[in-house]
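**Student:** heads up, no residue letters with this:
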């Protein structure tokens with residue numbers, strides 16, 4: 001997106017979510033966007049996915065699928081049927097959709113849980129099922145809206161490590177919104193820091209570190225501190 005602005009009607013007049021926001025993600029690149037609550041990060045993802053249109057500026061993106069903060073699994077459906085919903089929505093029959101989803105369960109450590117209902121799955125497993133569903137949407141760009149925010153600290157670290165391994169093995173174009181600066185540095189090729197509302201990019205930090213990355217690595221710690229400083233300066 002280039003120089004994008006977006007406003008919404010509010011009780012006391014227009015509320016500017018974004019003003020002059022620019023962002024670029026190259027094919028196969030993971031870009032993490034960090035910023036304070038209410039700075040327009042979720043609006044940015046919805047613009048990328050075509051769920052909203054900008055008031056000014058341009059958005060040019062390959063087809064993108066949004067993975068929201070909550071896993072949104074249907075409680076009455078099995079894990080496999082939940083994952084296959086992305087294919088069912090594209091007109092694929094139930095059995096073909098289930099057959100296409102099944103290999104992903106083996107690859108993502110979910111084998112044996114295909115018939116389980118969401119209530120029987122851990123938080124980390126539910127997020128993996130939701131991620132399989134996101135991948136099966138077949139879109140070249142993944143827009144992840146704080147997908148691990150609802151997880152406890154240990155589960156979040158586990159799923160972060162799993163996602164890092166997954167993206168290292170199968171690179172995807174990803175725009176990841178997060179409040180967690182450390183998560184951004186661990187997962188992304190580039191970290192974009194946003195100002196408070198109206199949101200705009202105030203710093204872009206290339207990461208340039210091989211995966212997997214350890215939280216205690218000096219380079220990771222240094223980048224985290226740079227991002228925190230940029231975030232503090234923005235607020």
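**Tutor:** Structure's in. What do you need? What you see is a predicted model; the values in this text were computed from it and never measured.
**Student:** Paired strands for the host helix or strand of residue 32, with orientation please.
**Tutor:** Per DSSP states H and E: residue 32 is located in strand 30-34. Using DSSP bridges, strand 30-34 pairs in its sheet with strand 173-178 (parallel), strand 190-194 (parallel).
**Student:** looking at the ones you listed, which is closest to residue 12?
**Tutor:** Of all the strands paired with strand 30-34, strand 190-194 sits nearest to residue 12, with 23.1 Å by Cβ to Cβ. C-beta: built from backbone N, CA, C; applies to glycine.
**Student:** pLDDT of the closest one, averaged?
**Tutor:** Strand 190-194 shows a mean pLDDT of 96.
**Student:** so what's the residue most central in space within the chain up against?
**Tutor:** Taking Cα atoms, centre = their mean, the centroid of the chain lies closest to residue 144, which sits 1.5 Å from it. Shown in contact with residue 144 (Cβ atoms under 8 Å, 6 or more residues apart in numbering): 45, 67, 134, 174-177.
**Student:** just the buried members of the residues you listed?
**Tutor:** Burial by neighbour count, 16 or more other Cβ atoms under 10 Å: within these this picks out 45, 67, 134, 174-177.
**Student:** Look up how far residue 178 lies from the residue nearest to the centre of the chain.
**Tutor:** 8 Å (Cβ to Cβ, to the nearest Å).
**Student:** okay, and the common contacts of those two?
**Tutor:** In contact with both residue 144 and residue 178: no residue, using Cβ under 8 Å, 6+ apart.
**Student:** ok so, going back, make a markdown table from the strands paired with strand 30-34 and add distance to residue 164 to it.
**Tutor:** Formatted as a markdown table, these follow (distance: least, Cβ to Cβ, whole Å):
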| stretch | distance to residue 164 |
| --- | --- |
| strand 173-178 | 11 |
| strand 190-194 | 14 |
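**Student:** Any idea which of those gets closest to residue 232?
**Tutor:** Comparing the strands paired with strand 30-34 under Cβ to Cβ, the one sitting nearest is strand 190-194, at 9.7 Å.
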